[in-house]
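Prediction below, plus the sequence it came from.
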Amino acid sequence: MAVEVVYRSSRDLERLFMDKAEADRHDKMLELAELVTQVLQKAVPSLTEQQGEEIGIYMAKNREVFAKAFKSQPDALNELINPAEEPTD
């Protein structure tokens, strides 16, 4: 019988990871998404909880692009507006 080590995110108990670092990155992304959601819901009270969560997760997953845009490189957002097409096999 083989033994397999898996890691679970403390914020997303259904996802399993084979690498601890990957689980930690996922946890941090979800933590950032949660905080972004709270800020957005405070700024825009009419935003639904689901909309806030979706926006928060999207921004957290693309935080590098948003960081560039907020650091005087607004054109960096074009990467999200017009993503480069992935090559097809």
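Structure's in. What do you need?

Can you name the next helix or strand after the longest helix that the chain contains?
With residue count as the measure and DSSP state H as the assignment, the chain has helix 20-43 as its longest helix. Scanning forward in sequence from helix 20-43 by DSSP states H and E, the next helix or strand is helix 49-61.

Can you name the element that comes right after that next one?
helix 63-70.

pLDDT (mean, whole number) over that following helix?
Taken as a whole, helix 63-70 has a mean pLDDT of 94.

Skipping adjacent residues, who's closest to the spatially most central residue of the chain in space?
Residue closest to the average C-alpha location in the chain (CA atoms, centre = their mean): Lys61, at 2.7 Å. In this structure, Lys61 finds its nearest non-sequential neighbour in Met29, 6.4 Å apart by CB to CB, 6 or more residues apart in numbering. Every residue, glycine included, has its C-beta placed from N, CA and C.

next one: Asp75
Leaving aside its sequence neighbours, Asp75 sits nearest to Ala69 (CB to CB, 6+ apart; 7.9 Å).
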